[in-house]
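**Q** sharing a model that was predicted from the sequence below.
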Amino acid sequence: RVAFDSDPFLLPAQDGMVNLKTGEVSDYGPDAYVTFRYGAEVKGEADIRPSLWLLCSSLPDPRDVLTAMDICGEAVIRRPSDSIIQLIGAGSNGKGMYERMISELVTDERISSITLAEAKASRFGPGAVLDKDLWILSEVEEVKQAINLLKKVATGERMDSDLKYGGRIQGKPHVLPILDCNNAIDFGDDSWGRKRRVIKLDWPYTFDYVPGTRRKDPHWEDKITSPEALAGLLKIIVHRAPHLIESKRIYNRKRPEDMAEEYRRQQYSLHYFCEECLTTETPILGDYRRLTTTTLWEEYQQYCKLFHVPVPAGKGQIGKYIKEKFNISSVVSRENNLQVRYYPGLWIEKSATAAHDKISRSYDSYNSYTSATAKLQEKDSKNSIISPLATEATDKWPKEVIAEIERMFKFIESCENPQEISYENYLQK
């Protein structure tokens, strides 16, 4: 009896079969026994720069680029990854382009479109993710109710499902779930099993045409899904695949406990900001000036930028929270003949930057932000954003990939104006 698509380590490209364990490429023959092909060529002209630029310009740390590339690799290694991918960002930030790039590589027929609510409630639900490679979920409000299902899918537990036209189907899913989150959602599960499975990538930058944002390219989707760009992405995946297969681990610069701590700050940013930056004790040293509502708002905004909070609290929420926490309400006064509001008996004990620096020393999760990368750190930063990359075990990656990432981040660092950060400008540099 012939088993089709049975070898998870054989990748059917457009123009040949790739053995992901060895990198060997062979032509299709009568004994190939595959029913589909991915959307990229393995023998054609390849350009690694478009996919790398998408990630380097969208992610805050060069090591996150390696994580994003490993996610692409796991999507085409047809075995359970024991991972749940979470992409978090408020919008217009590159994660949608990333999803479209992976989708173009995997192709629509290999992607499940069922929602979490349907997958959990319908008797046909589990069958919709069997024999699929990618499960992109944008309606994530149901995660809290469906987290156990997600963990089972990620682990590859055997599933049993009805078929719409009669009969039943059984199998072990290998689909890679990707949660597209605009906000820091509540998983409803604080277990180690959930924490170790979730791999979170922050997409903190906005792409637009207005000052303070990175330059939007209206033709960017065409560039990252061109045959040359997809061949370049596949080239990186093929080189990296043997290590991924052996290690069974998507590279991640953060430990699960560090990522969980980071995520709590994104969920409860106002609580952490008040705990770490504000005080009701009169400062012995430092700034005795009244804490105006404007100053507090600006400091909180800086805190949210540094810790990649996708949706900060509004001004009204801040005033209400401070009233509840400190029993202090803002009052009206005058400074320099101007009316201002301030919080009597409340001071900034530690700046957002100082709080960020302290956490950076605790664990290596927020150590690579500069003014050139959307002004997320003071302009006189002494450490290069690419320095962490030199400490990683990069021998498992193509040298040209590491070199290209370094060049891209150096270029991004050199841009004084975020609107200068564009692929065309990089190519001309």
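**A** Cool, got the structure.

**Q** if I read this right, Trp203 contacts Asp61, doesn't it?
**A** No. In this structure, Trp203 is not within contact of Asp61 by CB atoms under 8 Å, at 11.9 Å. C-betas here are computed from N, CA, C, even on glycine.

**Q** more neighbours: which of these two?
**A** Using other CB atoms under 10 Å, the more surrounded residue of Trp203 and Asp61 is Trp203, with 28 against 24.

**Q** tell me who's in contact with the more buried one.
**A** Residues near Trp203 by CB atoms under 8 Å, 6 or more residues apart in numbering: 58-59, 87-89, 93-95.

**Q** how many residues are close by the nearest residue to it once chain neighbours are set aside?
**A** If the residues on either side of it in the chain are set aside, Trp203 comes closest to Gly89, at 3.3 Å by CB to CB, 6 or more residues apart in numbering. Gly89 has 24 neighbours, counted by other CB under 10 Å.

**Q** can you give me the helices in the stretch 301-429 of the chain?
**A** Counting by DSSP state H, counting those that start in this stretch, one finds helices in the stretch 301-429 of the chain at the ranges 315-326, 352-362, 387-390, 399-414, 423-428.

**Q** contacts for the first one next, please.
**A** It refers to helix 315-326. With contact meaning CB under 8 Å, 6+ apart, helix 315-326 is reached by 270-271, 274, 278, 280, 293, 296-297, 300, 313, 328-330, 343, 345-346.

**Q** what lies in contact with the lengthiest helix in the chain?
**A** As assigned by DSSP state H, the longest helix anywhere in the chain is helix 227-247. The contact list for helix 227-247 (CB under 8 Å, 6+ apart) reads 9, 11, 13, 18, 20-23, 38-42, 44-51, 69-70, 72-74, 76-77, 101, 104-105, 223, 250, 396-398, 401.

**Q** give me that answer again for 6 Å
**A** Outside helix 227-247, the residues that touch it by CB atoms under 6 Å, 6 or more residues apart in numbering are 18, 20-21, 23, 40-42, 44-48, 50-51, 69, 72-73, 105, 396, 398, 401.

**Q** for stretch 114-127, same thing?
**A** With CB under 6 Å, 6+ apart as the criterion, stretch 114-127 contacts 128, 137, 139, 142, 146, 149, 159, 161-162, 164, 169.

**Q** what about 8 Å?
**A** Contacts for stretch 114-127 (CB under 8 Å, 6+ apart): 128-129, 135, 137, 139-140, 142-143, 145-146, 149-150, 159-164, 169, 173.

**Q** check stretch 158-174 too.
**A** By CB under 8 Å, 6+ apart, the list of residues contacting stretch 158-174 reads 8, 78-81, 123-133, 152-153, 156-157.

**Q** among those, which are located in helices?
**A** Filtering the contacts of stretch 158-174 for helices - DSSP H - leaves 152-153.

**Q** beta partners of the residue sitting nearest the centre point of the chain?
**A** Closest residue to the average C-alpha location of the chain: Leu201 at 2.1 Å, with CA atoms, centre = their mean. Assessed by DSSP bridges, Leu201 has beta-bridge partners Leu87.
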